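**Q** build me a model from this:
(chains A, B, C and D)
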Number of protein chains: 2
Amino acid sequence: MKEGPDIARVAALIGDPARANILTALMSGKALTASELAGEAGVSLQTASSHLAKLDDGRLLTARKQGRHKYFALASADVAGVLEGLMGLAAGAGHLRSRPGPKDPALRKARVCYNHLAGDMGIRLFDSLLGRAFLSVTGGSVALTDAGGAFVTDFGVDLGTLATGRAPLCRLCLDWSERRSHLAGALGRAFLGRFEESGWAERVPGSRIVRFSQRGEAAFNGAFPLQAA
Amino acid sequence: MKEGPDIARVAALIGDPARANILTALMSGKALTASELAGEAGVSLQTASSHLAKLDDGRLLTARKQGRHKYFALASADVAGVLEGLMGLAAGAGHLRSRPGPKDPALRKARVCYNHLAGDMGIRLFDSLLGRAFLSVTGGSVALTDAGGAFVTDFGVDLGTLATGRAPLCRLCLDWSERRSHLAGALGRAFLGRFEESGWAERVPGSRIVRFSQRGEAAFNGAFPLQAA
DNA sequence: TAAATGCTTCGACTATGATCGAACTATGAA
DNA sequence: TTCATAGTTCGATCATAGTCGAAGCATTTA
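**A** Presented below is the predicted three-dimensional model:
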């Protein structure tokens, strides 16, 4: 009847509470099994199975069978982006899931978004790289400068391996808590990986929260200073 | 139960076919009355009224009473952005509303997105401005350069009036058909306005399609050349 | 082989919510 | 005032789809 793609189908897919919980859980970037997702969503295994089939059918998830487990993950960074956008709208309408609990501030400070660092510290990372001209932004796409390449290699990230994947090296991602762009893509994932390897931060199991140790946060602030305005 | 804002509420709001049609219709950027929207959505006035109340309650729309009419518009550019994102996912999943009809190519070539030009020609406009250094992009936000200001003024846009509004002068907006960023914000709106005033293009009533005349398209191509790569 | 685990399918129940007719309110025109 | 148009509210109807018990596959372990 109307023009353009069929929005309602996709939105309705996300609009069920159980499915929304599943998708939110997968925003951690990790692939989870059907049983784990059933637990996250608070429904029985049969119900979850039905939901997962629908999400898979709607191309929001990818499924991968491994032995007798079936692992699900978000289909793409685009899906993650739309989910973040919806979170922004929901937060703006004041529809928080519950009164801001103790986990909320931690979530705003540093969390995993699909596979990279988001929240306060994610923004800080991005701003620092941009301010020192390690990144250049043109037309909504980001690229690593020569100086940036040297810095990143020095930081312990192997650019050669990174560039081989099909995923773009640098991407922008919009933050629901900060309403700002931050660094996604293969490089964003690599940075988060380094933070964990160096013991600066660890991920809180069963949550999107990333907890920096006191030492780790100090090191982070040293490595990624903000320019004076 | 879970962390973060309540995605399901917003998504379910968008997920009803009638409401999705209403929102899609409002992507034209124009404010429409309840009756008009009922027609667009293909439901009775009573039903539409109920839907509009819910959308208003969920902060996706703003309502404005004028005489015995009530005009509705999208609440913000953020809402429009999420809707475009959903269109991208829907198109990617192959869920077009109908088999690509005759209107589809026209829609991909040039259409209205909230209040600015999108599609093929929207991208071209943006690329041309960027290629000639009339725009500068830093950290996901765009700004007009000095040379750009001169060009725009020369084109017939009064920057003084534009800058007074609360809305940012330049913004980025992601395209569902091109999967690229294009120019939004007050300047994007002003450009579209100039195209219509100059008789280069006209909007097809009751649709998001922008139809350029043959002369208009030639003039457009002349005014916004693409640099050689 | 048998037993156990992970997931899917089927079927029945149920609740949510979309829909519209009818009655009501409000604004504007004659 | 009277009439017409725009929109809201109420109530009844009805369909969609979310839910889980039970049974069925499939894969791994013993």
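
**Q** buried ones in the lengthiest helix in chain A?
**A** For chain A, the helix with the greatest residue count under DSSP state H is helix A:77-92. Judged by neighbour count using 16 or more other C-beta atoms under 10 Å in any protein chain shown, the buried positions of helix A:77-92 are A:77-92. Any C-beta I mention is one placed from the backbone N, CA and C, and that applies to glycine too.

**Q** could you do stretch A:151-164 as well?
**A** A:151-152, A:157, A:159, A:162.

**Q** cool, stretch A:65-77 as well?
**A** Neighbour-count burial for stretch A:65-77 [16+ other C-beta under 10 Å]: A:70-77.

**Q** which among the residues you listed gets closest to DNA strand D?
**A** Using C-beta to the nearest atom of the strand, the shortest approach to DNA strand D within the buried residues of stretch A:65-77 belongs to residue A:70, at 9.9 Å.

**Q** does chain B sit close to whatever helix or strand that closest one lives in?
**A** Element membership for residue A:70 (DSSP states H and E) is strand A:69-74. No. In terms of C-beta under 8 Å from any C-beta of the partner chain, no part of strand A:69-74 sits within range of chain B; the closest distance is 11.2 Å.

**Q** given that strand, what are its sheet partners and their directions?
**A** Note on strand A:69-74: by DSSP bridges, its sheet partners are strand A:32-33 (antiparallel), strand A:61-66 (antiparallel).

**Q** is that strand in proximity to DNA strand D?
**A** No. Contact between strand A:69-74 and DNA strand D is absent, the nearest approach being 8.6 Å (criterion: C-beta under 7 Å from any atom of the strand).

**Q** show me how the record splits chain A into domains.
**A** Partitioning chain A according to automatic domain parsing yields domains covering residues A:7-75, A:80-223.

**Q** now these in a markdown table, with distance to residue B:147 and mean pLDDT?
**A** Shown next, in a markdown table, are the domains of chain A (distance: least, C-beta to C-beta, whole Å; pLDDT from 0 to 100):
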| stretch | distance to residue B:147 | mean pLDDT |
| --- | --- | --- |
| domain A:7-75 | 39 | 92 |
| domain A:80-223 | 16 | 78 |
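
**Q** residue B:37: which of those is closest?
**A** domain A:7-75 (15.1 Å; C-beta to C-beta).

**Q** start and end of that closest one, how far apart?
**A** 17 Å (C-alpha to C-alpha, to the nearest Å).

**Q** off-centre distance for that domain?
**A** Distance of domain A:7-75 from its chain centroid, counting by C-alpha atoms, centre = their mean, to the nearest Å, is 16 Å.

**Q** check stretch A:114-133 too.
**A** Taking the mean of its C-alpha atoms, stretch A:114-133 sits 12 Å from the chain's own mean (C-alpha atoms, centre = their mean).

**Q** how about stretch A:182-195?
**A** Once both centres are worked out by C-alpha atoms, centre = their mean, stretch A:182-195 turns out to sit 10 Å from its chain's centre.

**Q** can you give the contact residues for it?
**A** The contact list for stretch A:182-195 (C-beta atoms under 8 Å, 6 or more residues apart in numbering or on different chains) reads A:29, A:77, A:112-118, A:122-123, A:125-126, A:129, A:135, A:142, A:144, A:152, A:155-157, A:162-163, A:165, A:167-173, A:175, A:201, A:210, A:212, A:216, A:220.

**Q** keep only those of the residues you listed that are in helices.
**A** Those of those mapping onto helices are A:77, A:122-123, A:125-126, A:129, A:152, A:162-163, A:216, A:220, per DSSP H.

**Q** which stretches of chain A form strands?
**A** Using DSSP state E, the strands of chain A run over A:32-33, A:61-66, A:69-74, A:111-113, A:116-118, A:135-138, A:141-144, A:171-174, A:181-184, A:201-203, A:210-212.

**Q** check the separation of the first and last residues in stretch A:47-67.
**A** Stretch A:47-67 has its terminal residues 22 Å apart, counting by C-alpha to C-alpha.

**Q** now stretch A:106-121
**A** End to end - C-alpha to C-alpha - stretch A:106-121 spans 11 Å.

**Q** buried set for it?
**A** Buried-residue list, stretch A:106-121, by 16+ other C-beta under 10 Å: A:106-121.

**Q** OK, contacts around residue A:219?
**A** A:198, A:200.

**Q** state the distance from it to DNA strand D.
**A** Relative to DNA strand D, residue A:219 is positioned 40 Å away (C-beta to the nearest atom of the strand, to the nearest Å).

**Q** also residue A:87?
**A** Using C-beta to the nearest atom of the strand, one obtains 20 Å as the distance from residue A:87 to DNA strand D.

**Q** now that residue: how far from chain B?
**A** Here the criterion is C-beta to the nearest C-beta, to the nearest Å. By it, residue A:87 lies 5 Å from chain B.

**Q** so that residue touches residue B:11, yeah?
**A** No. The criterion here is C-beta atoms under 8 Å, and residue A:87 misses it with residue B:11 at 10.4 Å.

**Q** in a markdown table, list the strands of chain A along with distance to residue B:195.
**A** Listed next are the strands of chain A as a markdown table, based on distance: least, C-beta to C-beta, whole Å:
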| stretch | distance to residue B:195 |
| --- | --- |
| strand A:32-33 | 49 |
| strand A:61-66 | 41 |
| strand A:69-74 | 39 |
| strand A:111-113 | 38 |
| strand A:116-118 | 38 |
| strand A:135-138 | 25 |
| strand A:141-144 | 26 |
| strand A:171-174 | 28 |
| strand A:181-184 | 29 |
| strand A:201-203 | 50 |
| strand A:210-212 | 47 |
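
**Q** mind putting the strands paired with strand A:69-74 into a markdown table with distance to DNA strand D?
**A** Below are these laid out as a markdown table (distance: least, C-beta to the nearest atom of the strand, whole Å):
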| stretch | distance to DNA strand D |
| --- | --- |
| strand A:32-33 | 13 |
| strand A:61-66 | 7 |
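
**Q** farthest-apart pair in the ones in helices among the contacts of stretch A:182-195, please.
**A** Greatest spatial distance among the ones in helices among the contacts of stretch A:182-195 (C-beta to C-beta): A:163 and A:216, at 27.5 Å.

**Q** may I see the buried residues of stretch A:23-36?
**A** Quick answer for stretch A:23-36 (16+ other C-beta under 10 Å): A:23-29, A:31-32, A:34, A:36.

**Q** and stretch A:213-223, what's buried?
**A** Buried, per 16+ other C-beta under 10 Å, within stretch A:213-223: A:216-217, A:219-220.

**Q** looking at those residues, which one is closest to DNA strand C?
**A** Nearest to DNA strand C among the buried residues of stretch A:213-223 is residue A:216, at 33.7 Å by C-beta to the nearest atom of the strand.
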